[in-house]
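Trainee: 3D, please:
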Amino acid sequence: MKTQLKNALTTIAETRDSKIRKGMNEVTKSIERVLAKIVVMAEDVSPPEILFHIPLLCEEKGIPYGYLSTKKELGNVVRINVSSSAIAIENVGTGNESVLDDVVKKLEEIKK
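Mentor: Okay, the predicted model is just below:
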């Protein structure tokens, strides 16, 4: 699943008109405004408490979310060359709707 999530994020990040929010504050705002299509967090965030509100907010707003192993990996996948604790995708970019839909379906299956 992580490989699929990484591939989807890379595809989206490489699309010119995609929009990705990075970092805790921007991601939180994106969720609260219900602009995020999907939220991805890093599992190695320290202290983990700083991420506790994100899944709750996502559930409340009906936004799918997932995890990658490390902040470094998350930053690399979305092409920002710095570590990132969380990202939110607001616009998947032209032609990437199915890429996102497939990943979202998988994430929902895992949760059940």
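Trainee: which stretches of this protein form helices?
Mentor: For the chain, the helices defined by DSSP state H occupy 2-13, 24-32, 53-61, 71-77, 97-111.
Trainee: state the number of residues packed around residue 21.
Mentor: 21 (other C-beta atoms under 10 Å). For the C-beta atoms, the positions are set from N, CA and C on the backbone; glycine is no exception.
Trainee: state the distance from it to residue 109.
Mentor: Counting by C-beta to C-beta, to the nearest Å, the gap from residue 21 to residue 109 is 25 Å.
Trainee: rewinding a little: hey, which of the helices of the chain is tucked in deepest?
Mentor: helix 71-77 (a mean of 20; mean count of other C-beta atoms under 10 Å).
Trainee: so, low pLDDT: which residues of the chain?
Mentor: Scanning the chain for pLDDT under 70 picks out nothing.
Trainee: wait, what's in contact with the closest residue to residue 79 other than its chain neighbours?
Mentor: Leaving aside its sequence neighbours, residue 79 sits nearest to residue 13 (C-beta to C-beta, 6 or more residues apart in numbering; 4.5 Å). Residue 13 makes contact with 20, 77-79 under the criterion C-beta atoms under 8 Å, 6 or more residues apart in numbering.
Trainee: again, only this time at 10 Å
Mentor: 20, 76-80, 87, 89, 93, 96 (C-beta atoms under 10 Å, 6 or more residues apart in numbering).
Trainee: any of those residues buried? List them.
Mentor: Among those, those classed as buried by 16 or more other C-beta atoms under 10 Å are 20, 76-78, 87, 89, 93, 96.
Trainee: any chance of the residues you listed in CSV, with distance to residue 56 too?
Mentor: Output for those, formatted as CSV (distance: C-beta to C-beta, whole Å):
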residue, distance to residue 56
20, 22
76, 27
77, 24
78, 23
87, 18
89, 19
93, 28
96, 27
